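**Student:** Here is my input, please return the structure:
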Amino acid sequence: MRAGYLIGGRVQGVGFRWWTARHAGSLGVAGTVRNLPDGSVEVMLVGEPQAVRQMRIDLEDGPRFARVDGIAEIPCTLDADTIGFSIL
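**Tutor:** Below you'll find the model as predicted:
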């Protein structure tokens, strides 16, 4: 399963990218995470459907100091055979 998300709120400068990479790794999900100029974070995920769905649920909370105000689905730009997780 492939999925892309834009995360809005207080999600930059609070360890969101590092938390996302670690958490995705613990679920066996590959992908990327990056900060965007507008203050949001873009997350691209590739993995087993159950793990990607769990990651989506967990992104609603994020790390301790984050405040997620909303998550929008966007097209995933990664290949289905993506391996590993990168912080861009």
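**Student:** Output the one helix or strand Glu73 maps to as CSV - backbone C-alpha positions only.
**Tutor:** For Glu73, the host element (DSSP states H and E) is strand 67-74. C-alpha atoms of strand 67-74 as CSV (Å, rounded to 0.1, in the frame of the first residue of the first chain):
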residue,chain,number,x,y,z
ARG,A,67,0.3,19.6,17.7
VAL,A,68,-1.4,18.1,14.7
ASP,A,69,-4.2,20.3,13.4
GLY,A,70,-5.0,18.3,10.3
ILE,A,71,-3.9,15.6,7.9
ALA,A,72,-4.7,15.7,4.2
GLU,A,73,-4.3,12.8,1.9
ILE,A,74,-2.1,13.5,-1.2
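**Student:** For stretch 40-47, what is the distance to the chain centroid?
**Tutor:** Counting by CA atoms, centre = their mean, to the nearest Å, stretch 40-47 is centred 4 Å from the centre of its parent chain.
**Student:** now stretch 10-30
**Tutor:** Put simply, stretch 10-30 sits 6 Å off its chain's centre (CA atoms, centre = their mean).
**Student:** Report the buried residues of it.
**Tutor:** With burial defined by 16 or more other CB atoms under 10 Å, the residues of stretch 10-30 counted as buried are 11-12, 14, 16-17, 19-21, 23-24, 27, 29-30. The way it works is simple: take the backbone N, C-alpha and C, and place the C-beta from them, glycine included.
**Student:** repeat for stretch 51-65
**Tutor:** Buried residues in stretch 51-65 (16+ other CB under 10 Å): 51-52, 55, 59, 62-63.
**Student:** about what we covered before: can you tell me which of the buried residues of stretch 10-30 lies nearest to Val68?
**Tutor:** Val68 lies nearest to Val11 out of those, by CB to CB, at 6.5 Å.
**Student:** Not counting sequence-adjacent ones, nearest residue to that closest one?
**Tutor:** Nearest residue to Val11, sequence neighbours excluded (CB to CB, 6 or more residues apart in numbering): Val41, at 4.6 Å.
**Student:** Tell me how many other residues crowd the one you found.
**Tutor:** Other residues within reach of Val41 by the criterion other CB atoms under 10 Å amount to 24.
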